[in-house]
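> The sequence and its predicted three-dimensional model are supplied below.
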Amino acid sequence: MRLLHDPVNRFSHLSPIYNWIYPIAGARRSERYSGTLGQLLRPHQRPSNRPRALYLHVPFCQTICTFCPLVKGPLSDPSMLNTYVRAVVSEIALKARDQEITRLPIRSVFFGGGTPSLLHPDHIQAIGAALHDAFDFSALEEFSIEMEAKSIAPEALAAFRAIGVTHARFGVQTFAARHREAFNLTASIEQIHRAASLLKSVFPYVSCDMLYGLHGQTADELFSDIDLATSLGLNNIDFYPLNIFVIQKKLHRNYKQNRQLPLSGLTKFYMTKLLRDLMRIKGFLPHNGHGYVRVTPEEIAENPVVTRSYAFKYHQSVYGGYDDEFIGIGNSALSYIGGATIANELSRERYVKDLLSEKSFSVDVVDHPPHVNAAKIVAIGLPYLGGVQRDRIFWNDLNEVTEPRLAELTAHGLIEQDENEIRLTHDGWLWYVNLMFYLAPREEQAAIASMVLDEAKEAFLPSETVELLTMTA
């Protein structure tokens, strides 16, 4: 991917993917966690002293959406949920005894899935009590949970609020009937409106997730989705481009059968530009790569690239620097501590069995090169969050690629710098996904390309995507 002296097409290729968990590159090893984080880290891997984020995974759904890449399965037997919650509470108790895990306060909490709103009130109370007993929540600024419109029950909402949940997020994805059918979205439009109304009555912050850049999506369908989403009366909306490399094989087969090709990278680029313009007209500004928040007319008139009036704290940890650490709980959950990524046991069955019988479980650890870790806040934090403070960058640890490319991007008008901050320009914001790839060290670029090529065997790939990945891998 080359930077061009072209006021319209700033790069030789458009990025084929739109977000990822950084870093990927590194040496992988299998370990077992039994309550001592220090045994998993190398001597040079020293955890930071900044407040952490915490993620808890609930891997069950009533129906399986075909676009979702996360680890989950159908809840065919209610007893599965009871057993899983026991295992989660056991993992929390295990980590509560690990001084390295608990020594820092928690800044944000995120329950994801799957569908956390399938939890019963007694499950919620048990998990909440275990978390509050194990961790220091004195610095907590945000507690988020994902929900599905048709599984939202007032009793569960009251339980979530009681354990401290402040942010409720639910999936809409699209209002277009043909795309909802392709995604296996079974909530009715009436249930979506009911969910929005009910959640607003309980939580201080409510947002919905939307997808765009769908196979065959028309401009009229995008206009309609923006209009209908903003009419729900929510202050927060997330719009994600469809990532064709991580959707399920069933959706690829459906698209192939119906001869629906993915939109080109250029079409998605201009959809993103249109989306941002229309959201601004509707009274929303971006606060990160995918999130929009309703702001005052005065702030709209000031025309900032990214609003500073709101921030999603959990994403600030995940897409921040390598000293922005997070702890994962549940099967397949990720932790990022001391510059290493630790992935919990992928199989829900093995995770539950091991925790309930042996009080330990398998993990995969990736040791990332120091310069790959150091580049995280530049390669991901700057583009996704819109700007970074210069004193948050570990300049001495950067490799020979990242810093010169910052200078290139400044000369091309995509970023601007002063003595305190590096931030995107309006033009740079349109290209933020390309910047994420362009600023990454070479081995990270190769790891991303290799991952995407491996996932792309079932996909229809636009020609420019194949060319980019072949060149990079």
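Sure, I can see it.

> Please count neighbours and contacts with C-alpha atoms only from this point.
Noted.

> Which other helices and strands does the longest helix seen in the chain contact?
Secondary structure of the chain read by DSSP state H shows that its longest helix is helix 78-96. On a contact count with 3 or more CA pairs under 8 Å, 6 or more residues apart in numbering; DSSP states H and E, helix 78-96 meets helix 99-102, helix 121-134, strand 326-329, helix 348-358.

> Just the angle for it relative to helix 348-358, thanks.
Computed by axes from the mean of the first three to the mean of the last three CA atoms, to 10 degrees, the angle separating helix 78-96 from helix 348-358 equals 60 degrees.

> where do the strands sit along the stretch 1-150 of the chain?
Assigned by DSSP state E, counting those that start in this stretch, the stretch 1-150 of the chain shows strands spanning 27-33, 52-58, 60-61, 73-74, 106-113, 142-148.

> What mean pLDDT does the longest one get?
For strand 106-113, mean pLDDT rounds to 96.

> and it, C-alpha only, in CSV?
What follows is strand 106-113, C-alpha atoms only, in CSV (Å, rounded to 0.1, in the frame of the first residue of the first chain):
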residue,chain,number,x,y,z
ILE,A,106,-10.9,-1.1,36.6
ARG,A,107,-11.8,1.8,34.4
SER,A,108,-14.4,0.2,32.1
VAL,A,109,-16.3,-3.1,31.9
PHE,A,110,-17.8,-4.6,28.8
PHE,A,111,-20.1,-7.7,28.7
GLY,A,112,-20.1,-9.0,25.1
GLY,A,113,-21.1,-12.2,23.3
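
> Okay, now the sheet partners of it, with direction.
Using DSSP bridges, strand 106-113 pairs in its sheet with strand 52-58 (parallel), strand 142-148 (parallel).

> and stretch 121-130, average pLDDT?
Rounded mean pLDDT across stretch 121-130 is 97.

> mind listing what's buried in it?
The neighbour-count check on stretch 121-130 (16 or more other CA atoms under 10 Å) flags Pro121, His123, Ile124, Gln125, Ala126, Ile127, Gly128, Ala130 as buried.

> Can you tell me, leaving aside adjacent residues, what's nearest to the fifth one?
When you say that, I think you mean Ala126. Excluding its sequence neighbours, the residue lying closest to Ala126 (CA to CA, 6 or more residues apart in numbering) is Val89, at 7.5 Å.

> Now do the same for the one you found: its pLDDT.
The per-residue pLDDT reported for Val89 equals 98.

> give the contact list for it.
By CA atoms under 8 Å, 6 or more residues apart in numbering, Val89 lies in contact with Ala126, Ile127, Ala130.

> Does the second one touch Val85 like I think?
Yes. The pair formed by Ile127 and Val85 meets the contact definition of CA atoms under 8 Å, at 7.4 Å.

> Report the secondary structure state of the residue nearest in space to the middle of the chain.
The chain has His315 as the residue nearest its centroid, 6.8 Å off, counting by CA atoms, centre = their mean. Following DSSP: H, G, I helix; E, B strand; the rest coil, His315 is assigned to helix.

> Roughly how far does it sit from Arg350?
Distance from His315 to Arg350, counting by CA to CA, to the nearest Å: 29 Å.

> Now stretch 42-58: buried residues?
Neighbour-count burial for stretch 42-58, counted by 16+ other CA under 10 Å, picks out Gln45, Pro47, Pro51, Arg52, Ala53, Leu54, Tyr55, Leu56, His57, Val58.
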